[in-house]
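>>> Provide a 3D model corresponding to the input given below.
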Amino acid sequence: MIKLSNLKNSPLAKDSFWALAGNALGKGLSLFAGIAVARFLGSDVYGEYGMIKSTLLMIAIFSTFGLGYTATKYIAETKASASGKVRSVHQIAQTITLITSGIIALFVTIFAEQIATWLDSPDLGSLLRMSSIAIVANALNTTQVGELSGFRAFKTIARNNTLAGVVTFLLSVPGAYFGGIVGAIMALVLSLAFNCVVNYCSIKKMLPLGQRIKIRPDEVREIIRFSFPIALQESLYSITSWLGMAIIIKFAGYDQLGIYSAASQWMAVMLFIPGALRNVALSHFAENSVDLAKTQTITKRLLLVNVLSTMIPFLVIAACSSIIASFYGSSFDRLPAVLNICVFTAVISSMNNVLIQELIALNHNWFLFWSRFIRDVSILGLYMMIIPGSSYGARDVALISLIAQIVYLALLLAKNKIIVKRYGRNTVE
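The predicted structure follows:
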């Protein structure tokens, strides 16, 4: 059994501290900014804002081609012995991310009106077009954080996230107050761009010294081969999440999407510790991927930390859900039930995060893709079956997501046991 005292002074504890410290202030400021934006816009317009934001960020995740995870793994494995490999990984990851996100951003710009019309909100077309640059900025951010995690530069990530949180707060609140949804969207774009710039500057300082390396085709193939199933997972998540929101809009309306978006924001804040530790986990799993005993120890420690870090906030938020809902205004009076379900889902999701990083480090990427494919398609099917006849779509969406996360956790735990039984307690071949 892993005791909390065993975590003290370990490299994992040190990296975890900086990952948490940097996300605490940044996520906290983002949460307060989100509450203010929701109050200024109201549930209907906030639902539109949430749809635009989620669309842009999910497309950005897809356009990274899974290179954030890949960069973490390869840099963590080679930074001490192969400086040329590190520079190659950096160049390949940045180039592919920039090209793919740029192409997708151009696609969104060209077809913004058609996308908005399909979402039953033609007036959002100009906003989608205006904010498409956020796809490139967020995609680069994702890959950059992956690179910094490979270097175990979690103190640097902490500083950058804190600065980005301050900028988000300073821009979002006055932007929404004076400019409505347009001001809120512009604040989002500018804060993402700022984060991208500071991350880029940090990476340049950490890259090994040397001339620019000519990238070999076999290196590109190797990275793409590893990234491909991860890219499929990210694409699946982006597509199914976006379709889920579209189903809510079609059958329940922007009001229900606004309520669900508000609850999801609290879920995201609860997951700031597991999310911050995700890159820490992958970095340490990658460095110890040949030693199954060590990976299992890391898994147990991180599961313990994640459960404690989410269960306590869950109990507090659930007890105060009515008070929290009052901060959003009268149009969010049905928020408490959805909020309680979402924050409990965060507890389950935090455990899934640890097991997913372990399986990525152990090269079980195809298993993750197919298991997530079955899960996410099942979620969409349940949405289509239940939401059209529901009087409270936001609550039902939250319940379906909770059940799916519980089933997925059971599947990941079963896979972990199979790996331990197959390879024994010492090494992974």
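
>>> all helices for the stretch 251-400 of the chain, in order.
254-270, 272-287, 292-319, 321-328, 335-361, 365-386, 393-423 (DSSP state H, counting those that start in this stretch).

>>> how many neighbouring residues does residue 106 have?
Neighbourhood size, residue 106 [other CB atoms under 10 Å]: 13. (Each C-beta comes from the backbone N, C-alpha and C, glycine too.)

>>> what about it, which helix or strand?
Secondary structure assignment for residue 106, by DSSP states H and E: helix 83-110.

>>> in the next helix or strand after that helix, what counts as buried?
Next helix or strand after helix 83-110 toward the C-terminus (DSSP H and E): helix 112-118. Applying a neighbour-count criterion of 16 or more other CB atoms under 10 Å, one finds 112, 115, 116 buried in helix 112-118.

>>> residues contacting the first one?
Translated: residue 112. Shown in contact with residue 112 (CB atoms under 8 Å, 6 or more residues apart in numbering): 125, 126, 128, 129, 132.

>>> tell me who's in contact with the last one.
The reference is to residue 132. So residue 132 contacts 56, 105, 106, 108, 109, 112 (CB under 8 Å, 6+ apart).

>>> with distance to residue 325 and pLDDT as added columns, please give the residues you listed in TSV.
Below are these laid out as TSV (distance: CB to CB, whole Å; pLDDT from 0 to 100):
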residue	distance to residue 325	pLDDT
56	27	72
105	36	87
106	40	90
108	33	85
109	37	87
112	33	84
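
>>> most widely separated two among those residues?
56 and 106 (13.6 Å; CB to CB).

>>> so where's the stretch 101-250 of the chain shaky on pLDDT?
Counting by pLDDT under 70, the stretch 101-250 of the chain contains low-confidence ranges at 119-120, 209-213.

>>> let me see the ranges of the helices in it.
Under DSSP H, counting those that start in this stretch, the stretch 101-250 of the chain gives helices at 112-118, 125-131, 133-150, 154-206, 217-251.

>>> what separation is there between residue 199 and residue 270?
24 Å (CB to CB, to the nearest Å).

>>> got it, and residue 338?
Computed as CB to CB, the residue 338 to residue 270 distance reads 14 Å.

>>> quick one: the nearest residue to residue 416 once chain neighbours are set aside and residue 293, what's the gap?
Excluding the flanking residues, the one nearest residue 416 by CB to CB, 6 or more residues apart in numbering is residue 355, at 6.0 Å. Applying CB to CB, the value for residue 355 to residue 293 is 17 Å.

>>> compare the two (neighbour count), which wins?
Legend: neighbour count by other CB under 10 Å for residue 355 and residue 293, higher for residue 355 (21 against 14).

>>> just checking, that one touches residue 302?
No. Applying CB atoms under 8 Å, one finds residue 355 not in contact with residue 302, separated by 9.3 Å.

>>> relative to helix 133-150, how tilted is the helix holding residue 106?
160 degrees (axes from the mean of the first three to the mean of the last three CA atoms, to 10 degrees).

>>> please state the offset of helix 83-110 from the chain centre?
18 Å (CA atoms, centre = their mean, to the nearest Å).

>>> between that helix and helix 217-251, how big is the angle?
Going by the same axes, to 10 degrees, helix 83-110 makes 30 degrees with helix 217-251.

>>> in helix 83-110, what counts as buried?
For helix 83-110, burial by neighbour count (16+ other CB under 10 Å) applies to 85-94, 96-97, 100-102, 104-105, 108.

>>> next one: stretch 66-82
Of the residues in stretch 66-82, those buried (16+ other CB under 10 Å) are 66-79.
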